[in-house]
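Q: how would this look folded up:
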Amino acid sequence: QVQLVESGGGLVQAGDSLRLSCAASGRTFSNYRMGWFRQAPGKERELVAAISTSGGVTYYAGSVQGRFTISRDDVKNTMYFQMNGLKPEDTAVYYCAAKWPLGPMKAPNYDYWGQGTQVTVSS
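A: Residues are numbered from 1 along each chain as shown. Here you go, the predicted model:
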């Protein structure tokens, strides 16, 4: 089992920045591919970014490419999501997730989930 806890969400204005954190415990963090998902009201949950076990390979959804950056610190067992240039359409609950590193980076089938953190962007 991998336990995941997100933090760093909040209410910001359009154009602001936020950094989300995901603290992991349980099994060896460095063995897992990590991802950030988000779910806006009335919409399906979507994978917006993923990072490989080494950190050397990343995936971004087109809607966040160039604005958001995913990273990981395997010493601290923590994943980060730097979100710059936030837009109202980025408003959602953001979840971190972990999976065994199989399949393409954009594959959305993850095994372990955090409880989510709310990000609200006002115009």
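Q: P41 should be in a strand, yeah?
A: No: assignment of P41 by DSSP: H, G, I helix; E, B strand; the rest coil gives coil, placing it outside any strand.
Q: need the phi and psi values for the closest residue to R33 other than its chain neighbours.
A: Excluding the flanking residues, the one nearest R33 by C-beta to C-beta, 6 or more residues apart in numbering is P101, at 4.2 Å. C-beta: built from backbone N, CA, C; applies to glycine. Phi and psi for P101, reported as degrees, to the nearest 10, are phi -70, psi 70.
Q: surely P101 meets G55?
A: No: counting by C-beta atoms under 8 Å, G55 is not a contact partner of P101; they are 11.8 Å apart.
Q: dump the residue contacts of the residue nearest to R33.
A: P101 makes contact with N31, Y32, R33, S52, T53, according to C-beta atoms under 8 Å, 6 or more residues apart in numbering.
Q: at 10 Å what do you get?
A: Residues counted as contacts of P101 (C-beta atoms under 10 Å, 6 or more residues apart in numbering) are N31, Y32, R33, M34, A50, S52, T53, S54, V57.
Q: and the fourth one, bridged to which residues?
A: What it means is M34. Per DSSP bridges, the residues bridged to M34 are I51, A98.
Q: ok, it touching L4?
A: Yes: with contact defined as C-beta atoms under 10 Å, M34 reaches L4; the gap is 8.8 Å.
Q: so how far is T53 from the residue nearest to R33?
A: 5 Å (C-beta to C-beta, to the nearest Å).
Q: again, but for K43
A: 29 Å.
Q: these two: which is more packed in?
A: More neighbours surround T53 than the other of K43 and T53, with 17 against 9 (other C-beta atoms under 10 Å).
Q: now the phi/psi pair for the residue nearest the centre of the chain, please.
A: The chain has W36 as the residue nearest its centroid, 2.1 Å off, counting by C-alpha atoms, centre = their mean. Dihedral pair for W36: phi -110, psi 130, per degrees, to the nearest 10.
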